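no sequence on this one, just coordinates:
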């Protein structure tokens, strides 16, 4: 008989099978974890690069207490944005609306200076100014704060810029 140590051969086969099983299990766990991590990182990465690229232009943003209109000026840098969520708060009231790349008609909002009711986001590396009728939106006083948050893909990012005190347009003239 040629097979002298059958027990030793059986132990080697068992060890090889356990190693193969361990490699397969590590591969399965890696595939699942890698997919989850990549998905979360791509979502976070899209919002990560918005700092300083989506701004409220303070020089041209003010409240006209005579006409009860908020003049809001937005600037975009070198960034692709599908929408911007604008939030305006004041006198115990708040309102929000989304500006997007298409021509939208948003209640109480017009382009400045044309007063065109079809409004759109500023183009890349450009800015636009809008007029928002505060009385028509249900505000009884002046706005206290403005916040803007970009929406990139389907991900709403944190506020990119804000103003906590809105100047009176009459004082700027």
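Yes, it's here. Given the structure is predicted, the values throughout are model-derived calculations rather than measurements. Residues are numbered from 1 along each chain as shown.

My understanding was that residue 149 contacts residue 157; is that so?
Yes: between residue 149 and residue 157 there is a contact at 5.7 Å, judged by C-beta atoms under 8 Å. Backbone N, C-alpha and C define where each C-beta goes, glycine included.

Just give the closest residue to residue 133, not the sequence neighbours.
residue 108 (4.2 Å; C-beta to C-beta, 6 or more residues apart in numbering).

Go ahead and confirm that neighbour touches residue 139.
No: assessed by C-beta under 8 Å, residue 108 is found out of contact with residue 139, at 9.6 Å.

Between those two, point out the one with more neighbours.
With neighbours defined as other C-beta atoms under 10 Å, residue 108 and residue 139 compare such that residue 139 has more, 23 against 18.

Check the more buried one and give its pLDDT.
On pLDDT, residue 139 comes in at 82.

Give me the three-state assignment for it.
When classified by DSSP: H, G, I helix; E, B strand; the rest coil, residue 139 comes out as coil.

ok, it - contacts?
68, 88, 90-91, 93, 95 (C-beta atoms under 8 Å, 6 or more residues apart in numbering).

What are the structural domain limits within the chain?
If you go by automatic domain parsing, the domain ranges for the chain are 1-48, 54-168.

among the ones you listed, which gets the worst mean confidence?
Minimum mean pLDDT among the domains of the chain: domain 1-48, a mean of 76.

In contact with the residue lying closest to residue 130 once chain neighbours are set aside, which residues?
If the residues on either side of it in the chain are set aside, residue 130 comes closest to residue 72, at 4.9 Å by C-beta to C-beta, 6+ apart. Residue 72 makes contact with 56, 61, 86, 129-132, 146, according to C-beta under 8 Å, 6+ apart.
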